[in-house]
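[1] 3D, please:
(2 chains)
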Amino acid sequence: MADLQEVYARTEAGVAEIKARALDLTRGQRNLLIVIDGKNALGSFAKMAGCAPEQMGDVLLPLIEHGLIARVAGRSNWAPEQNSPAGGRPSPSTYAGAQVLIALAERVFEKHAGPVVLKLEKAAGSGGDLLAAAESAAKLAKLTIDESKAQEFLVEARRLISG
Amino acid sequence: MQLDMITILGFGAVLIMLINLFQVISLKSQMSGGVVGKSWNVMILLVVLFAAGYMILPFLATMPVETLRIIVSLILFFGAIYVLVTIRLIYGIIKELSS
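    Residues are numbered from 1 along each chain as shown, chains lettered A, B, ... in the order given. Below you'll find the predicted structure:
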């Protein structure tokens, strides 16, 4: 089982893989690759990876083997369910969730994703409700990008958020 | 050219319409499609037509009455379409935001 308190960061190969989609990663592995940030502990990303914390090792291992992520030495800071941190900072799960939604928006809306990404980034920064942010972003997309793509984004976002 | 009130108003209208044209084209990059994006293409077309139509304003005095009547009728007709598109667009936005 992976140590959930360890902190991992994307390598250059990991950044390249997000864009290239060259490897046959599962959805959970890809989500984990997108949200891993070199700051928050592995355990905080379990929901976004679509697995229980104790199964994180299975998702994590292929990413390490391919050299897409690497452990950040000396960083270890996970506490489960930090949903209301002091000082109004977004919780790791909110931050990670927003990153997944941003990646989803970039995939669905492609070159037109800019305003939607901006909206989701604001939601991530304020630590707001992810579902509300996704619905709001979908409305913006429906008005200014494409109605069917907005619906596709919303359905997928709801699925990701509900885990 | 005689600089009377009609001419001044005409040049003012052309200037404002050119500003409108610049803005409507600039904003297009922010809406590639969707409810607003679709209406926006129609609005760009109408503003281009208006801008072209307004350009004849400085030459009004030299035009035959019949030509003038046709041009004014066309401007009024497309003006009505513009208002219709705008109202439908606003309705679409309100409907979407309240859903």
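[2] use CA for all of it now, contacts and neighbours both
    Fine.
[3] got the residues of chain B near chain A?
    Contacts of chain B with chain A, taken as C-alpha under 8 Å from any C-alpha of the partner chain, map to B:Gln30, B:Met31, B:Ser32, B:Gly33, B:Gly34, B:Val35, B:Val36, B:Gly37, B:Ile93, B:Glu96, B:Leu97.
[4] neighbours of the fourth one, how many?
    Under the neighbour criterion other C-alpha atoms under 10 Å in any protein chain shown, B:Gly33 is assigned a count of 21.
[5] the first one too?
    Other residues near B:Gln30 number 14, with proximity taken as other C-alpha under 10 Å.
[6] go ahead and build a PyMOL selection from the buried members of the residues of chain B next to chain A.
    Buried residues among the residues of chain B next to chain A (16 or more other C-alpha atoms under 10 Å in any protein chain shown), as a PyMOL selection:
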select buried, chain B and resi 31+32+33+34+35+36+37+93
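[7] so which of the residues of chain B next to chain A belong to strands?
    Under the assignment DSSP state E, the residues of chain B next to chain A contribute nothing to strands.
[8] other SSEs contacting the helix or strand where B:Ile90 lies?
    Applying DSSP states H and E as the criterion places B:Ile90 in helix B:65-98. Packing partners of helix B:65-98 (3 or more C-alpha pairs under 8 Å, 6 or more residues apart in numbering or on different chains; DSSP states H and E): helix A:130-144, helix B:34-54.
[9] just the buried residues of it, please?
    For helix B:65-98, by 16+ other C-alpha under 10 Å, it's B:Leu68, B:Ile75, B:Gly79, B:Tyr82, B:Val85, B:Thr86, B:Leu89, B:Ile93.
[10] closest one to chain A out of those, please.
    Top of the list for closeness to chain A, among the buried residues of helix B:65-98 and by C-alpha to the nearest C-alpha, is B:Ile93 at 7.1 Å.
[11] save the buried residues of helix B:65-98 as TSV, and put in distance to A:Glu65 too.
    Listed next are the buried residues of helix B:65-98 as TSV, based on distance: C-alpha to C-alpha, whole Å:
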residue	distance to A:Glu65
B:Leu68	77
B:Ile75	68
B:Gly79	65
B:Tyr82	60
B:Val85	57
B:Thr86	57
B:Leu89	53
B:Ile93	49
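[12] A:Gln99: which of the residues you listed is nearest?
    Nearest to A:Gln99 among those, counting by C-alpha to C-alpha, is B:Ile93 at 27.6 Å.
[13] pLDDT score assigned to B:Leu89?
    Looking at B:Leu89, its pLDDT stands at 92.
[14] distance of the residue of chain A positioned farthest from its centre from B:Leu46?
    Taking C-alpha atoms, centre = their mean as the measure, the residue most remote from the mean C-alpha position of chain A is A:Leu143, 24.9 Å away. A:Leu143 sits 20 Å away from B:Leu46, going by C-alpha to C-alpha, to the nearest Å.
[15] same check, this time on A:Arg10
    Relative to B:Leu46, A:Arg10 is positioned 50 Å away (C-alpha to C-alpha).
[16] B:Ile44 is in contact with B:Val24, correct?
    Yes: judged on C-alpha atoms under 8 Å, B:Val24 makes contact with B:Ile44 at a distance of 6.1 Å.
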